[in-house]
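Participant: I would like the atomic coordinates for the input below:
(one chain, ligands or ions: 1)
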Amino acid sequence: MLELGFLVSWLLFILPFFTFLFFINTSYFTRKSSSSSISKLPRSYPLIGSTFAILANRHRHNQWTAEVLRNCPTGTYVLRGFLGVRQISTANPENVKHILKSQFCIYPKGRIFTTTLTDFLGTGIFNTDGDNWKFQRQISSHEFNTKSLRKFIEDVVKTELYDRLIPILSTTAEKNSVLDLQDILQRFAFDNICKISFGYDPGYLSPSLQRTEFAIAFEDATRMSSERFGYMIPLIWKLKRVLNIGSEKHLREATSKVREFAKDIVRQKKQELKEKSSLEATDLLSRFLKDDNLNDDFVIDIVISFILAGQDTTSAALTWFFWLISCNPKVEEEILKEINQAPEEPGYDDVKDMVYIHASLCESMRLYPPVPADSKEAASDDVLPDGTVVKKGMRVSYSPYAMGRMENLWGSDWAEFKPERWLEREKVRGKLSFMAKDTYTYPVFQAGPRICLGKEMAFLQMKMVVVEILRRFRVVPANDQDGFEPVFVSYLTSKMKGGFPVKIQERDSSHL
Ligand code: HEM
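Facilitator: Residues are numbered from 1 along each chain as shown. You can find the predicted model right below:
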């Protein structure tokens, strides 16, 4: 009954449409990923464009985009979708610079992106353009540059690391049991970002691994909002929303739970702030609430955006990192040498000089970026530096996933995990130093005016985790079949399909 609207639209429109596609070219659906033709430029038909190819590769969208882009001489292609709607995808650094910096004003996130996420994110920094974005960016960058916030972040991460993460891993090692490292790291990142943004501890990472109400609502709202992007015909989710049925009904419930919860916290914080004189060791919400000119809904929108931006990104990066380390013992050895020099419970000043770990994390995110693709909507006609014509309203995407796998950008050994490509040995002192890549060739944190605000915080958190886990434990994939390679999947952020089951082994101290 609840799905009646969806059923009607299915019977009237979608079913006849797919039957039509099926009779035109049945072979496309059976060829799926096995055929070598998938790596060629997708075939385009009148009216439906490359819909066949898009559907056949839906489950491996990032991999397919990378294969197609590698076959394009300029690293850019124009894809025709249903009813001839055109979309541009590029892996060309010149184009990326043009979109993200030189012609920033022509390429906002746009209406399609923002309306899809607006029920959950409102007009928070992650989901807005123009003056509203500029204002939020200004006040947030100011806070992110304060030493006091950095110290607060460091303390929050240390507490979560030493009081929760390490004890859970120790117990797993003692019991010789298997745990899903991806799930554990997601819980860890969620607790951290909630404490930093809200000053609230959801207790998501606990020995019982129970899911608290706020965490469930936030996770559901994130998943269901991002699933809207998966609809070939967005009208369907819009219809379900109007009828308040199915996933849209659940999304509404989850979103209102998150917002109600946030409102309660704002009330409590305002009370606390009246009694507090200093903001030395406090969360982002309290810092924003100190400004009487900002209204509560506006502040809630910003903070929800921060939680979204910070929750799954660092955990995705670390999950792939630990998998890559487990199959590259030489890299692990180099990392252990660096850890050996580190003091007990290292903080910001200690981890910032750990160049080998920094390079390994960058290298891991080159191959498995937490945000594998990003797209903008052209606000006027334009021409990209490689000559691609852009019409107003077209979606223009760039793919960090594909860019990390382009031979012309990284050389013929692009498929190898080699932290050394980010390092240089100083001639005189023989010391290793980190060589950053140009952000338009490596837009893993985006680039230009909208570059990730949490980049420094993300590295601080990831390096502290790497040092403390690898110092104590070996992370061994439970699925140790030869040649086993986990599958990279994504909506807004990337994940390892099916999680990352691992065994944890206490490290013999002689390894250090
Ligand atoms: C490895 C970890 C991370 C990666 C790879 C990453 C990557 C990105 C990317 C690609 C964007 C642009 C997204 C878009 O506009 O569509 C972004 C934006 C943003 N990130 Fe991160 N991020 C990470 C961690 C964090 C953390 C921990 C925070 C902490 C709060 C954070 C805060 C933000 C914010 C606020 C924005 C919006 C900036 C704006 O639109 O002006 N990020 N990040």
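Participant: C-alpha only now, for contacts and for neighbours.
Facilitator: Noted.
Participant: tell me which helix or strand of the protein sits lowest on mean pLDDT?
Facilitator: Ranked by mean pLDDT, DSSP states H and E, the weakest helix or strand in the chain is helix 27-31, scoring a mean of 32.
Participant: OK, contacts around W414?
Facilitator: If you count contacts by C-alpha atoms under 8 Å, 6 or more residues apart in numbering, W414 has them with G404, R405, M406, E407.
Participant: Quick check: it vs L318, distance?
Facilitator: Per C-alpha to C-alpha, to the nearest Å, W414 is found 20 Å from L318.
Participant: can you give me phi and psi for the closest residue to the ligand within the stretch 101-250 of the chain?
Facilitator: Closest to the ligand within the stretch 101-250 of the chain is F126: 4.7 Å, counting by C-alpha to the nearest ligand atom. The phi/psi pair for F126 (degrees, to the nearest 10) reads phi -70, psi -20.
Participant: That one: neighbour count?
Facilitator: Applying other C-alpha atoms under 10 Å, we find 23 residues neighbouring F126.
Participant: Then F321?
Facilitator: F321, neighbours per other C-alpha under 10 Å, totals 21.
Participant: Name the nearest residue to it, ignoring sequence neighbours.
Facilitator: The shortest distance from F321 to any non-neighbouring residue, by C-alpha to C-alpha, 6 or more residues apart in numbering, is to S364 (5.5 Å).
Participant: Mind pulling up the pLDDT for the one you found?
Facilitator: Note on S364: pLDDT of 98.
Participant: Distance of it relative to H358?
Facilitator: With distances taken as C-alpha to C-alpha, S364 is found 10 Å from H358.
Participant: And for K249?
Facilitator: 43 Å.
Participant: My understanding was that I302 contacts N127; is that so?
Facilitator: No. The pair I302 / N127 is not scored as a contact, 9.4 Å apart, by C-alpha atoms under 8 Å.
Participant: My guess is the residue of the stretch 101-250 of the chain closest to the ligand contacts V303. True?
Facilitator: No. Between F126 and V303 there is no contact, the gap being 10.0 Å when judged by C-alpha under 8 Å.
Participant: near the ligand, which residues of the stretch 201-350 of the chain?
Facilitator: F306, A309, G310, T313, T314, A317 (C-alpha under 6 Å from any ligand atom).
Participant: so how many other residues sit close to G75?
Facilitator: For G75, the number of neighbouring residues by other C-alpha under 10 Å comes to 21.
Participant: do the same with R267
Facilitator: R267 has 11 neighbours, counted by other C-alpha under 10 Å.
Participant: Tell me which helix or strand it sits in.
Facilitator: Per DSSP states H and E, R267 falls inside helix 246-275.
Participant: quick check: mean pLDDT across that helix?
Facilitator: Across helix 246-275, pLDDT averages out at 90.
Participant: for stretch 440-450, same thing?
Facilitator: In this model, stretch 440-450 has a mean pLDDT of 98.
Participant: Report whether that stretch contacts the ligand.
Facilitator: Yes. Using C-alpha under 6 Å from any ligand atom, we find that stretch 440-450 touches the ligand at V444, F445, Q446, R450.
Participant: Show me what that stretch is in contact with.
Facilitator: 92-94, 96-97, 100-101, 104, 365-366, 369-372, 400, 403-404, 409, 439, 451-452, 455.
Participant: what about it, start to end distance?
Facilitator: Terminal residues of stretch 440-450 are spaced 13 Å apart (C-alpha to C-alpha).
Participant: Likewise for stretch 138-149?
Facilitator: Stretch 138-149 has its terminal residues 16 Å apart, counting by C-alpha to C-alpha.
Participant: Which positions in it come out as buried?
Facilitator: Across stretch 138-149, burial judged by 16 or more other C-alpha atoms under 10 Å covers S140, E143, F144, S148, L149.
Participant: circling back: so for S364 and H358, which residue has more residues nearby?
Facilitator: Using other C-alpha under 10 Å, the more surrounded residue of S364 and H358 is S364, with 25 against 22.
Participant: S50 and the ligand, how far apart?
Facilitator: Distance, S50 to the ligand, by C-alpha to the nearest ligand atom, to the nearest Å: 25 Å.
Participant: Give me the neighbour count for that residue.
Facilitator: 20.
Participant: so what pLDDT did G5 get?
Facilitator: On the pLDDT scale, G5 gets 51.
Participant: For the remainder of this discussion, apply numbering that starts at 13.
Facilitator: Yep, numbering from 13; the last one is G17 now.
Participant: interface residues of the stretch 363-512 of the chain facing the ligand?
Facilitator: Near the ligand, when you scan the stretch 363-512 of the chain using C-alpha under 6 Å from any ligand atom, you find 382-383, 386, 456-458, 462-467, 469-470.
Participant: Then the stretch 63-212 of the chain?
Facilitator: I137, F138, R149.
Participant: Between the residues you listed, which sits nearest L217?
Facilitator: F138 (25.6 Å; C-alpha to C-alpha).
Participant: Please list all residues in contact with that closest one.
Facilitator: Counting by C-alpha under 8 Å, 6+ apart, F138 touches I314, S317, F318, A321.
Participant: now do G359
Facilitator: Counting by C-alpha under 8 Å, 6+ apart, G359 makes contact with E166, M476.
Participant: Past the strand or helix carrying R299, which element shows up next along the chain?
Facilitator: When elements are assigned from DSSP H and E, R299 belongs to helix 296-301. Next helix or strand after helix 296-301 toward the C-terminus (DSSP H and E): helix 308-323.
Participant: Let me know the angle separating that next one from helix 258-287.
Facilitator: Here helix 308-323 points in a direction 110 degrees away from that of helix 258-287 (axes from the mean of the first three to the mean of the last three C-alpha atoms, to 10 degrees).
Participant: CA atoms only: put helix 308-323 into PDB for me.
Facilitator: What follows is helix 308-323, C-alpha atoms only, in PDB (Å, rounded to 0.1, in the frame of the first residue of the first chain):
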ATOM      1  CA  ASP A 308      19.800  28.600  15.400                       C
ATOM      2  CA  ASP A 309      18.600  27.000  12.200                       C
ATOM      3  CA  PHE A 310      21.500  28.500  10.300                       C
ATOM      4  CA  VAL A 311      24.000  27.200  12.900                       C
ATOM      5  CA  ILE A 312      22.400  23.700  12.900                       C
ATOM      6  CA  ASP A 313      22.700  23.600   9.100                       C
ATOM      7  CA  ILE A 314      26.500  24.400   9.200                       C
ATOM      8  CA  VAL A 315      27.100  21.800  11.900                       C
ATOM      9  CA  ILE A 316      25.200  19.000  10.200                       C
ATOM     10  CA  SER A 317      27.300  19.800   7.000                       C
ATOM     11  CA  PHE A 318      30.500  19.400   9.100                       C
ATOM     12  CA  ILE A 319      29.400  16.100  10.500                       C
ATOM     13  CA  LEU A 320      28.600  14.800   7.000                       C
ATOM     14  CA  ALA A 321      31.900  16.100   5.600                       C
ATOM     15  CA  GLY A 322      33.900  14.600   8.400                       C
ATOM     16  CA  GLN A 323      32.200  11.300   9.100                       C
END
